[in-house]
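In: Give me the fold of what follows.
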Amino acid sequence: MRIGLYTLTSPLHNEEAVNAASAAFVSAIEAEAGFTFDFKGADFKDYGSHDLELIYVRTGGTEGLFKEVYGKLDGKIHILTSGKSNSLAASMEILSFLNQQGRSGEIIHGSIGYIAERIGILARVEAARKRLNGTRLGIIGEPSDWLISSMPDRQAAEEKLGITLVDIPISEFMDEYDRVPADYNLAGPVRNEFNTNAPQSLHKYADGAFRIYAALKGLVARHNLSGLTLRCFDLLDLLGNTGCLALAMLNAEGIPSGCEGDVPALISMAVGNALTGVSGFQANPSRIDPEKGEMLFAHCTIPLNMISRYSFNTHFESGIGIAISGDIPSGDVTIFKLSGDLKRSFCCEAELLKCQSEKDLCRTQAVLKLKGSQEERKEICKEYFLKRPIGNHHIIFPGSQKSLFEEFCRL
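Out: Numbering: from 1, shown residues only. Next up, the predicted model:
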């Protein structure tokens, strides 16, 4: 992360004393957070070129200095202050002025631990926002017929996230598939794993499954895509195969790739990938126990870089093709979903209790226990999942990331 640190200092204060106090304050933040600021001082010429810009108000009496430069500063203004030399008072006056002008801002002030954590979250959010701006996400085939509540608002995606949705006919995918050699990827690492460990009954699907992966990669390159969602059930009739393995591989390569043409799920995966570096597990809630606050999520694919081990199976509903049964490491996870119009979001944290392999469910199965008291868990299950869910697919990301996702959604 590149974090620019710009300063405002009143000429009435002793420069040497201010520098000494500032150095200790800044060094303490850097040590706590594990990053180094790009110190710019009072030179604001390249403001806006970092993942995050901070204006360090070092003393009082700096309000006029800020007023001279604020017109050149885009976006939300983040004001850092130690509270020494009347700097907090000056920061509050500056923020009040910004609000009067219709501009947004925030004072970052408190303990060193709080400041370091807050700057880290803001920097990751800003970096994610900039990464998403200008990205192109492909919709290969139309959304599946059963996704009756999961239609995207293209204008909202463009205006709020800078994402362009690109429609690609399934016929173009088939043309790309036909151009891929039948023996594609005979020596790749996943193919080697398949050849060694997959049941013999699945080997007849292997060449086709890896050709599906290659065809999707071809469309990514041709259309300059950062991610995609595939109307995958059409492949059952068209190719006698499935896209589960291909999507697992693409997600592991940092290309968010979703199932069933679910665009809101794909956008949620793209946002999560920009924030965390992982595409996340697109899955259905299969069972919910509101009293315990426990849930079972399942799907037939999962990013290969999100699991500790995996095995090969058939796609659940059809019994054909190659699906992934993966084991997600136990520990904290975050459940996230954006609505198609981007007007709603859901985010909560949970503990992954175990992965299992029941025969009558999609192949990767994760049992989660929501975080919070029993009443809080019950409330989430009943009021969100059982009364006002955002579609059926939700995205599971490793780690406790709720504050990060919520900060992004506040933008």
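In: How far off centre is whatever helix or strand Ile94 lives in?
Out: Using DSSP states H and E, Ile94 falls within helix 87-100. Centroid separation for helix 87-100 versus its chain: 32 Å, with C-alpha atoms, centre = their mean, to the nearest Å.
In: for the protein, longest strand please?
Out: Determined from DSSP state E, the single longest strand within the chain is strand 345-356.
In: Point out the other helices and strands that whatever helix or strand comes next after that strand packs with.
Out: Using DSSP H and E, the helix or strand that follows strand 345-356 in sequence is strand 364-370. Strand 364-370 is packed against strand 281-289, strand 294-299, strand 323-327, strand 331-338, strand 345-356, helix 374-379, with contacts defined by 3 or more C-beta pairs under 8 Å, 6 or more residues apart in numbering; DSSP states H and E. Heads up, the C-betas are built off the backbone N, CA and C, glycines and all.
In: For strand 364-370, give the mean pLDDT please.
Out: On average, the pLDDT along strand 364-370 is 98.
In: Just give the strands next to that strand in its sheet, each with its orientation.
Out: If you go by DSSP bridges, strand 364-370 pairs up with strand 294-299 (antiparallel), strand 345-356 (antiparallel).
In: quick one, domains of this structure?
Out: Taking automatic domain parsing as the criterion, the chain consists of the domains 3-132, 136-410.
In: Deepest-packed of the strands paired with strand 364-370, please.
Out: Highest mean neighbour count of the strands paired with strand 364-370: strand 294-299, a mean of 23 (counted as mean count of other C-beta atoms under 10 Å).
In: okay, the angle between that one and strand 331-338?
Out: When axes from the mean of the first three to the mean of the last three C-alpha atoms, to 10 degrees is applied, the directions of strand 294-299 and strand 331-338 differ by 70 degrees.
In: Mind listing what's buried along the helix or strand that comes right after strand 294-299?
Out: Per DSSP H and E, the first helix or strand lying C-terminal to strand 294-299 is strand 309-313. For strand 309-313, burial by neighbour count (16 or more other C-beta atoms under 10 Å) applies to Tyr310, Phe312, Asn313.
In: And stretch 57-69, by the same measure?
Out: Val57, Arg58, Thr59, Gly60, Gly61, Thr62, Glu63, Leu65, Phe66.
In: do stretch 327-343 as well
Out: Buried, per 16+ other C-beta under 10 Å, within stretch 327-343: Asp327, Ile328, Val333, Thr334, Ile335, Phe336, Lys337, Leu338, Ser339, Gly340, Leu342.
In: Check stretch 180-198 too.
Out: Applying 16+ other C-beta under 10 Å to stretch 180-198 flags Val180, Tyr184, Asn185, Val190, Arg191, Phe194, Ala198 as buried.
In: what about the helices in the stretch 101-250 of the chain?
Out: Here the stretch 101-250 of the chain has its helices, by DSSP state H, counting those that start in this stretch, at 112-132, 154-156, 170-179, 189-197, 206-223, 234-239, 244-252.
In: what's the closest of the strands paired with strand 364-370 to Arg2?
Out: Closest to Arg2 of the strands paired with strand 364-370, according to C-beta to C-beta: strand 345-356, at 26.4 Å.
In: pLDDT of the closest one, averaged?
Out: Averaged across strand 345-356, the pLDDT comes to 97.
In: Same check on stretch 172-188?
Out: Here stretch 172-188 scores 92 as its mean pLDDT.
In: one step back: which of the domains of the chain is buried the deepest?
Out: Among the domains of the chain, domain 136-410 has the highest mean neighbour count (mean count of other C-beta under 10 Å), at a mean of 19.
In: And the nearest residue to Gly162 once chain neighbours are set aside, its phi and psi?
Out: Spatial nearest neighbour of Gly162, excluding adjacent residues (C-beta to C-beta, 6 or more residues apart in numbering): Asn133 at 3.3 Å. Main-chain dihedrals, Asn133, degrees, to the nearest 10: phi -60, psi 120.
In: Low-confidence ranges, the stretch 1-150 of the chain, go.
Out: The stretch 1-150 of the chain contains no residues with pLDDT under 70.
In: switch to 80 and redo it
Out: Counting by pLDDT under 80, the stretch 1-150 of the chain shows low-confidence ranges at 13-18.
In: And the strands in it?
Out: Ranges of strands in the stretch 1-150 of the chain, per DSSP state E, counting those that start in this stretch, are 3-8, 38-41, 52-57, 77-80, 105-108, 136-140.
In: Using PDB, list the CA coordinates for stretch 137-149.
Out: C-alpha atoms of stretch 137-149 as PDB (Å, rounded to 0.1, in the frame of the first residue of the first chain):
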ATOM      1  CA  LEU A 137     -16.700  -8.200 -16.100                       C
ATOM      2  CA  GLY A 138     -18.000 -10.600 -18.600                       C
ATOM      3  CA  ILE A 139     -21.500 -12.200 -18.600                       C
ATOM      4  CA  ILE A 140     -21.100 -15.400 -20.700                       C
ATOM      5  CA  GLY A 141     -24.600 -16.400 -21.700                       C
ATOM      6  CA  GLU A 142     -27.500 -14.900 -19.900                       C
ATOM      7  CA  PRO A 143     -28.200 -15.300 -16.100                       C
ATOM      8  CA  SER A 144     -29.800 -18.700 -15.300                       C
ATOM      9  CA  ASP A 145     -33.500 -18.700 -15.600                       C
ATOM     10  CA  TRP A 146     -34.000 -19.300 -11.900                       C
ATOM     11  CA  LEU A 147     -32.200 -16.200 -10.800                       C
ATOM     12  CA  ILE A 148     -35.400 -14.200 -10.800                       C
ATOM     13  CA  SER A 149     -34.200 -11.700  -8.200                       C
END
